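K.L.:
structure here, sequence nowhere to be found:
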């Protein structure tokens, strides 16, 4: 059993997101730290307008420059952060402020948006269900939005919820090909927010399973599952709340890069983020309610065990005492008062009868108290 | 018992409102998803002014157009969402923005209001008691308010709290026939808010029943009922809070569609929504107080059981020991010190007497401690 | 015991204020519902200026009209709501807006103030101690304040905290006779707020009693009392919070009906309402702290019981085992190893001595652990 | 033990501050209620400027008048409230508004500040440690600040934290003699706020003691101490929060009586009040954390007791059963199957050996489970 | 064990930060209190511009004056507070307001910023990990920022997170040598904020260890560790929250000393402070969730112990009773009813068989209930 628990404990720890993603105190601002374990960056360029579409992988960051100033929308999607040189060259191509580059590369930033004159930096957090339906994959996506281009930077290529948007561009579905880079940024942000729903659905299911488990068969594992769900919902909460503020400030602040039309769409996206928050908070309340139910269920189980022990002990201890009485060796021959019952003609049957009466009385008493049944009993 | 609990667990799950009402992340905004299981839409038109009244079912959405621009108030009530074609044609007739149509059709929106120049979109949530007095039916109602018309969309025809308004129109009761479409929207919103009261009354009754149950006969089922009430009140809370904000923003924001006179009536409606919130929060506090009482009641029951076990064991264990002493087989013939009591003339009666004294002493001790009575005992 | 608890449960329920005081959803605004069980309205008119004073009961509401437009202050106090006709005629005499009349008659409104041009509607909630010192009587008082008149409507004549004000008018005590109707409204509102103090004093006493009870003698009844106090404080809280807002808005909003001088007095009244809130919140915290103490006290009691059982069992079970050993019937005659102790000269005394040593050792062990004493023991 | 607890319960009640300090509802505003038990007022006048200093006790309030209009600062300190006549005459000398006089005399006001044209009323609450280091003394101090005078009113002469200020005036320490009455008011307010620190230090010490007690030796008394600390911190909290608001409003509101220079000093005083709040809230959190630790410590103790009972019972009950078997009286002579062990040569030693093996096995089992040690055991 | 706990209790107390850092109530503002135990002040001057760099220790505070008015940035870092004379002379050199000097020297101030015309006072709190990985070192740093100079005052020289900044200055890394004193202040503040991350990382690790410990082996020590972590996180929280406000007000308030360019960098620093708050709050929630898990784990352990006791007792008590029956001494010779079993041919084997059947039945019953296994058991 210990081993089982250990394994569980490890799974819990694995789902931890605490990584050493901070600089040594006193480091100069703008310092880029590259995690050597992270993947080599792939740069995917999608350049489109209503008529044309270019979709290719870029090797040298400098190759992007030709697309950036044209009227067509250029979406440069960087996947992987394992090469400092490429990142710095990208920073030069897009003329990024050093603090922007640091924020984009540092993978533990809080969602936020910042306005750098003709660029808009948006840091978002994207969650995707894992394949094993345990926890979720959480990854930072940074957006640098310019007049005619959008730079997105994400950590791992395999987790991504942008596929739908790519398809809408390639198949020219909806109005996306008629709109500018701000609409593209909205579409991706919307995909990020909507990406919370499938993850939350899994939590909804897990909470329902736990509701049944906590009622029918509460075990120490149930407790760990509840704790783990609470912990993961706490992470989701930390991810979505600042995201809501980001979208809100995009709607309210008067950046020229975002058009009024796209602001209307962002309002819709804002509503979705509120809905995500609503669900996260509801699940958190349900999970902490489950903790109460669990504690009560454990108390009830203990009650049941104690009742059983009490019933068995209380019936047999007096009977054993009676048997002990007649197991004493007082000598009947020395005195007529010394255990004359032992020699009585009906001694033994009467003794057994007395025992039966006592046991019956106690059982009746317990039955009246409702200690004999586990199910509900209405007293009157 | 297990089976009973399972059944209960299912009822709890059934009352869950978690449905897959979200788009795949990355879907284009404005996409309409039609739930195939939902009912075919019925379109009921009520067109009235002070003098005339038309009340008929419409088959082709286009038939509405003739009524929309007249001075008379046209209320188009759509019940059921099972047909994409009709919904899209309705959207064209009313010239709805794609996002409005999506919101109206998507049945998991959060209550909100949005101002689209000459249309006002209001999303509300309507609750109605179910017939079996378990939980409640919750359904989205969308309002699209124009200058001379009101479009309402609801999910299921059988649950609805608009009957009173329909009757006021048909019987020309109150001032409704003299007022415009904004007053109609107010009247329906007011009916939606007032629809929370009967549902809350049921919860008030259930909490009172639980108060009695938790005191007189707490069982594991009680716990589940408390959890379930808390869960459902959480849903009610999620439904009413944003609704309050909707009404508040209708009062404050300066949309031209709503007249000042109707704003006064909306203030009344706002007061009612505050009252609903008040009741929901009070019931939530009472329910979570009940959880504390339940836990204490379970502890008290355990105390009672332990007291009984302790009293019985503590009386009989020493007596059994005494009986055990005189059941030993030390040979009195080998030594005058070996159990001379066994041969004593008064041995047996004295032994029984000692037992009675011990038992009496213990019973007195327990009585002093108050362990013998379950009812209240004042110590001094 | 069950019966006792039932009775208690009923008292709890009786103190519930949940009444069916809401309209059927869809009812026209302004609909008056008259509770047939409520008392027939008495109309008391007090008309006064610095010199004259009229104090009489009015039968026909129309008789009030002659007083309303004079410069003297006319206080029309309506007690009881059991007659629809009189209420509607009153509405006509005072030219009340239909929504005002509805609010005044509907006895479950939330305290609020509303400004209707030359009338000010104030809904307040008045609490008074009941005669049996259990719970409190809660009743709505509505004020309609005009330039020269004040209409007050209350539910039951016997509960009322306006007696002091009536006396100040009749005895011309203080400045009340020199002031206008706004000062009268302030004086009555102040009486309503001050009416919370005697009620709160009772709760202060009950909490102190419970503090003693929970420490010296916690019983299941104690738990119910705590729950009940929490429930009633919740009601008081619901009553006083919106009242504070009402007074605050009277001070800040620029209604012409209230003079600047009276606003200074209202500030005083506002301070009192804050003090009431302070006390309610403090009592609520104390009551919920009591719940913790109760739970711990129950745990401590269980600890005590378990300690007793453990001490008794642990001492006698080994001794009984020893007695059981020498109660075995191994035949000493068949083998020198078969229980030679039974025939030993000092067998029995040694056996008893061993038992005494074991018992003494265990008692010493328990004493060291501090399990023998209930009172405090300082370990070092 | 009961008696001990009673005594403790009384101490708790004694520290209660609930007194009947409110008017009968309906009383005219400005009514002064004099508590007959309170002390006769002493009036101390300190009149100073840079050069001169008058320090004397005043008998007739009217004697103050001559000092009030001079340029020198006049501090009139009233100690004790037991004489209505003197208080009313004071009110006339200082030309107090009736509501001001009522606030000053009513000793249960909430800290607040109010601006009466050329007077500023400040109500503060002063706490001082008691001599027995149990709880604290809490007393209202009222300030009426005029252009050239300051009237302070306090309840009891013996508790006071103004000694330092009096010495600064008499010894002309710091800049106090160069400043006006507003600086004096600041200096006294600052002394009131700083007076919270010694009280809080005592609570810091008591919490540390409780931390040790709750870990090494939790008793029911520990629980009461925690409850009492929470209760008293609640009182401190009620005293300091409104005080912070008072100082804040003194800094922000543009009363002419307070000069800009003194406002800078008040900012410092405001910082101190925030620090007091910080400490109170931290201690409250620690105290409620202690409650959790206490509950767990009690559970742990119960666990320990149960473990002991289980170990003892589980070892001896099976052995006793075995002894019981061989205490049966089946007749070996009637059948070769009837207890042949009793006549076996090695019967008794084998039986004892079996018992030893069973006991050893159980002890090993308990040792593996870690039930034999109270200290920490690392399982692998 | 007691001794172990005592030691632990001491460690907890040692980590307390409650020191007597307040003035006697009534003390004049601006009074400097020097803690005699604190270290003698070291004054380190770093004066730099793009070209030159002076780095030296200053003995007489007056020697600083020559550097203060030059265009180059002068950073005067005072370490240690043990000499009143030097501090007062420093105050004169920098022309500090008495209140500023008091704040700088008083080591228990709350983080804050204050604007004194051409000086900006910033009080911050710096935390550093201790060498033993237990708790953290917390120390106040005060900044007095002028046009061309920065005065920093810290308590102990050995704990400090400014090393990185000193190196950036000496090695002219980044833009620090090109910027003014405001950038230096930002760089140091940023180092202070970033200094929270290593401390928080240790807490992250400790919480993960506790998560495993609480699941696999909860002991009373675990409880103390949780309480201690909560207590220390409370301190961190008190340190970081006001710091965030300080940075925020530096960004928003229009002090001329801070340039717009540095404000952009402060925004970055603000984001980091939010991240620290986020982590502190998350760890606090996790720690309080751990408390719940701990309580449940203790309950589960108790359940396990009770189950064992119940199983053992319930099996052997009935068997012992049966053995007791046949240990009775009723005389078979006096009556055919008196225990004929004892003389039956199959008496003893049948009796043992009955015992085996009873034991087997009970074991089967317990197995069905799942009381025999500690691991998870799925019932169907």
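P.N.:
Looks like it arrived, so ask away. These figures come from a predicted structure and were not determined experimentally.

K.L.:
residue A:25: neighbour count?
P.N.:
Other residues within reach of residue A:25, judged by other CB atoms under 10 Å in any protein chain shown, total 21. In this view, the C-beta of every residue, glycine as well, is placed from N, C-alpha and C.

K.L.:
doesn't it belong to a helix?
P.N.:
No. Residue A:25 is assigned coil when assessed by DSSP: H, G, I helix; E, B strand; the rest coil, not a helix.

K.L.:
per-residue pLDDT, it?
P.N.:
Residue A:25 carries a pLDDT value of 76.

K.L.:
pretty sure it is touching residue E:200, no?
P.N.:
No. Applying CB atoms under 8 Å, one finds residue A:25 not in contact with residue E:200, separated by 11.9 Å.

K.L.:
secondary structure class for the residue nearest to residue A:187 when sequence neighbours are not counted?
P.N.:
Sequence neighbours aside, residue A:165 is the residue nearest to residue A:187 in space, at 5.0 Å (criterion: CB to CB, 6 or more residues apart in numbering or on different chains). Put simply, residue A:165 is helix when judged by three-state DSSP.

K.L.:
look up how far chain C lies from residue A:165.
P.N.:
Separation of residue A:165 from chain C (CB to the nearest CB, to the nearest Å): 44 Å.

K.L.:
contacting residues around that residue?
P.N.:
A:176, A:184, A:187-188, A:191, B:26 (CB atoms under 8 Å, 6 or more residues apart in numbering or on different chains).

K.L.:
could you do residue A:363 as well?
P.N.:
A:315, A:372.

K.L.:
residue A:32 should be in a helix, yeah?
P.N.:
No. Membership of residue A:32 in a helix is not supported by three-state DSSP, which gives coil.

K.L.:
neighbours of it, how many?
P.N.:
15.

K.L.:
what about the closest residue to chain E within the stretch 251-380 of chain A, which SS state?
P.N.:
Closest contact between the stretch 251-380 of chain A and chain E, by CB to the nearest CB, is at residue A:323 (3.3 Å). Secondary structure state of residue A:323, per three-state DSSP, is helix.

K.L.:
can you tell me the closest non-neighbouring residue to it?
P.N.:
Here the residue nearest residue A:323, using CB to CB, 6+ apart, is residue E:324, at 3.3 Å.

K.L.:
right, and residue A:334 touches residue B:341 too?
P.N.:
No. Here residue A:334 lies out of contact with residue B:341, judged by CB under 8 Å, at a distance of 10.5 Å.

K.L.:
now do the shared contacts for those two.
P.N.:
residue B:347.

K.L.:
who's more crowded, these two?
P.N.:
Neighbour count, other CB under 10 Å: between residue A:334 and residue B:341, residue B:341 has more, with 19 against 14.

K.L.:
tell me the contacts of the more buried one?
P.N.:
Residue B:341 is in contact with A:330, B:326, B:347, B:350-351, counting by CB under 8 Å, 6+ apart.

K.L.:
please apply the same query to residue A:35.
P.N.:
A:81-82, A:107.

K.L.:
what values do phi and psi take at it?
P.N.:
When read as degrees, to the nearest 10, the backbone of residue A:35 gives phi -80, psi 120.

K.L.:
does stretch A:300-311 come close to chain E?
P.N.:
Yes. Counting by CB under 8 Å from any CB of the partner chain, contacts between stretch A:300-311 and chain E involve A:301-302, A:305-306, A:308-309.

K.L.:
also near chain B: which of those, exactly?
P.N.:
Near chain B, by the rule CB under 8 Å from any CB, you find A:302, A:306, A:309 out of these.

K.L.:
just among those residues, which is most surrounded?
P.N.:
Going by other CB under 10 Å, residue A:309 tops those with 22 neighbours.

K.L.:
so which strand or helix has that residue?
P.N.:
helix A:260-325 (DSSP states H and E).

K.L.:
which strands and helices sit next to that helix?
P.N.:
For helix A:260-325, the contact count by 3 or more CB pairs under 8 Å, 6 or more residues apart in numbering or on different chains; DSSP states H and E identifies helix A:181-194, helix A:196-216, helix A:220-252, helix A:347-369, helix B:98-105, helix B:220-252, helix B:260-325, helix E:260-325 as packing neighbours.

K.L.:
so which of these is the most packed in?
P.N.:
Comparing the helices and strands packed on helix A:260-325 by mean neighbour count (mean count of other CB atoms under 10 Å in any protein chain shown), helix A:181-194 ranks first with a mean of 25.

K.L.:
so it versus helix A:220-252, what angle?
P.N.:
Using axes from the mean of the first three to the mean of the last three CA atoms, to 10 degrees, the direction of helix A:181-194 lies 160 degrees away from that of helix A:220-252.

K.L.:
between helix A:260-325 and helix A:181-194, find me the angle.
P.N.:
Using the same axes, to 10 degrees: helix A:181-194 against helix A:260-325 is 10 degrees.
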